[in-house]
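**Q** got a sequence here, can you build the structure:
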Amino acid sequence: MNRKILVLSLFIFSCFVNAAEDKESKFDISTAIPVAFEVVERWECRDFNGYWSNILVRALVGKKRESGYVQVAGVSQKSSFQVKGFNRRWDFGLTEEHTYKYAFVIEPNGDASYYDFSLEKKSKPSILMKCRQVKN
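**A** Now for the predicted structure:
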């Protein structure tokens with residue numbers, strides 16, 4: 001009886017290990033970001049008047065500082081990244097016209113703004129947040 005349980009346990013364990021290895025070879029399971037994507041900057045953001053224990057957005061910058069990811073509600077969205085003046089800016093939601101539906105901008109003091117251009121070409125920020133850089 002114990003031998004059957006041991007064999008069954010080893011079989012189940014090997015299935016999980018193989019599945020995890022397959023996924024890890026392509027993506028970081030927890031964030032759906034390609035493992036090959038090298039992060040050089042990480043930011044976490046909360047509601048402007050909220051608490052740091054309630055992170056709403058994570059923003060990542062890639063090694064070449066041309067692309068990144070914006071993570072919201074467990075979903076990672078690939079973005080274009082650039083520094084405009086002193087501000088860091090992530091544009092995402094690429095349209096067929098090669099424009100972006102959304103922008104997320106972090107100022108040097110950590111104030112952040114989210115813009116939704118899906119309804120209007122010019123938009124005021126719809127959400128204000130406070131961000132901090134996370135050191136690796």
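**Q** Q71 touches R58, doesn't it?
**A** Yes: counting by C-beta atoms under 8 Å, R58 is a contact partner of Q71 at 4.1 Å. (C-beta placed from N, C-alpha, C; glycine too.)
**Q** now list whatever residues contact both of these two.
**A** Residues touching both Q71 and R58 (C-beta atoms under 8 Å, 6 or more residues apart in numbering): none.
**Q** and S118, what does it touch?
**A** Going by C-beta under 8 Å, 6+ apart, S118 touches 93, 101-102.
**Q** just these now: which is nearest C45?
**A** Nearest to C45 among those is Y102, at 14.2 Å by C-beta to C-beta.
**Q** who does the closest one form a beta bridge with?
**A** Beta-bridge partners for Y102, by DSSP bridges, are F92, D116.
**Q** report how many residues lie close to it.
**A** As a burial measure, Y102 scores 20 neighbours (other C-beta atoms under 10 Å).
**Q** could you verify my assumption that it touches Y114?
**A** Yes: contact criterion C-beta under 8 Å: Y102 and Y114 qualify, at 7.2 Å.
**Q** give the contact list for the residue positioned nearest the centre of the chain.
**A** For the chain, Q71 is the residue whose C-alpha lies nearest the centre (C-alpha atoms, centre = their mean; 2.9 Å). Going by C-beta under 8 Å, 6+ apart, Q71 touches 31, 57-60, 77.
**Q** which pLDDT value goes with V7?
**A** Looking at V7, its pLDDT stands at 34.
**Q** could you do F104 as well?
**A** 98.
**Q** residue contacts, it?
**A** 57, 59, 70, 79, 89-90, 92, 112-115.
**Q** all good on my end, thank you.
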